[in-house]
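1. Structure here, sequence nowhere to be found:
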């Protein structure tokens, strides 16, 4: 018995350093309220509760469907990777559309009043920067579809971001007085996306470049609108919309976005 115990102790002493037990990310998600214009908005905040060091904040802007489980899942993913992610509520009260007509009405109302939309985004950014888990010196924004259009316009407006990342975003310009922006802008689009006007996309990229942004547009062959959303095929069938999930484009664009966040926020 003594020899066995000695052998066990010796084997433990020889374990490599990486064999030490390390606590992995413990993602915590919670409702995050902020207010502007006399209205309260209910976003979704995700962060690593195991981490006691402040981390960069990332704003997430949802698709035209609203603050649903899809965008919350993206926030959780970012939290597990070392960011503090706030999925904003652009419609108020955490409202979610159940039909494309409602989604179109909700998103159009926001984009037709950019000053109010900007005020909501600024309120969310201020509240996020004040959170104790956030390193307040750097921040990025990511948007999907409707949200992609929002973050492109945020950059065009010169809002204080290090990076603006759009996935299959609507490139409609609503900012009437563009301001300088020296951050990174990455636009990931499906080459077969019939809902994104190529001329509008070129115009947006040009305007951002003229504002001083480091702009890169990536087109994924064969990818349709909403290519990052695993529910896209179901939504397409239920609503007769030209959507489609593309696993390869989803993985490639996500990896590219993470590299952009690392460059903009950690280096």
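-> Received it, and whenever you're ready, just let me know what you need. A quick note: this is a predicted structure, and the numbers were derived from the prediction, not measured. Numbers count the residues shown, from 1 in each chain.
2. contacts and neighbour counts: CA atoms only from here.
-> Noted.
3. How many residues are close by residue 81?
-> 13 (other Cα atoms under 10 Å).
4. Distance check, the closest residue to it other than its chain neighbours against residue 83.
-> Nearest residue to residue 81, sequence neighbours excluded (Cα to Cα, 6 or more residues apart in numbering): residue 25, at 8.0 Å. Per Cα to Cα, to the nearest Å, residue 25 is found 11 Å from residue 83.
5. between these two, who's got more neighbours?
-> Using other Cα under 10 Å as the criterion, residue 25 and residue 83 rank with residue 83 on top: 26 against 15.
6. Need the overlap of contacts for residue 25 and residue 83.
-> Common contact partners of residue 25 and residue 83 (Cα atoms under 8 Å, 6 or more residues apart in numbering): residue 48.
7. what residue lies at the spatial centre of the chain?
-> residue 142 (3.1 Å; Cα atoms, centre = their mean).
8. Make sure residue 94 is actually in contact with residue 66.
-> Yes - Residue 94 lies in contact with residue 66 (Cα atoms under 8 Å); the separation is 7.4 Å.
9. more neighbours, these two?
-> residue 66 (25 against 18).
10. So that one sits against residue 92, correct?
-> No - with contact defined as Cα under 8 Å, residue 66 does not reach residue 92; the gap is 9.5 Å.
11. Check whether the residue nearest to residue 81 really touches residue 49, as I assumed.
-> Yes - the criterion here is Cα under 8 Å, and residue 25 meets it with residue 49 at 7.3 Å.
12. residues in contact with residue 91?
-> 41, 66, 106-107, 110.
13. And these, which is closest to residue 53?
-> Nearest to residue 53 among the contacts of residue 91 is residue 41, at 27.0 Å by Cα to Cα.
14. is it true that the closest one lies in a strand?
-> Yes - assessed by DSSP: H, G, I helix; E, B strand; the rest coil, residue 41 belongs to a strand.
15. Can you get me a residue count around it?
-> Neighbour tally, residue 41, other Cα under 10 Å: 23.
16. That one against residue 95, yeah?
-> No - using Cα under 8 Å, residue 41 is not in contact with residue 95; the gap is 9.5 Å.
17. Need the residues touching each of the two.
-> residue 89.
18. Can you tell me how far the residue nearest to residue 50 when sequence neighbours are not counted is from residue 180?
-> Closest residue to residue 50 apart from its sequence neighbours, by Cα to Cα, 6+ apart: residue 26 at 5.5 Å. To residue 180, residue 26 is 38 Å away according to Cα to Cα.
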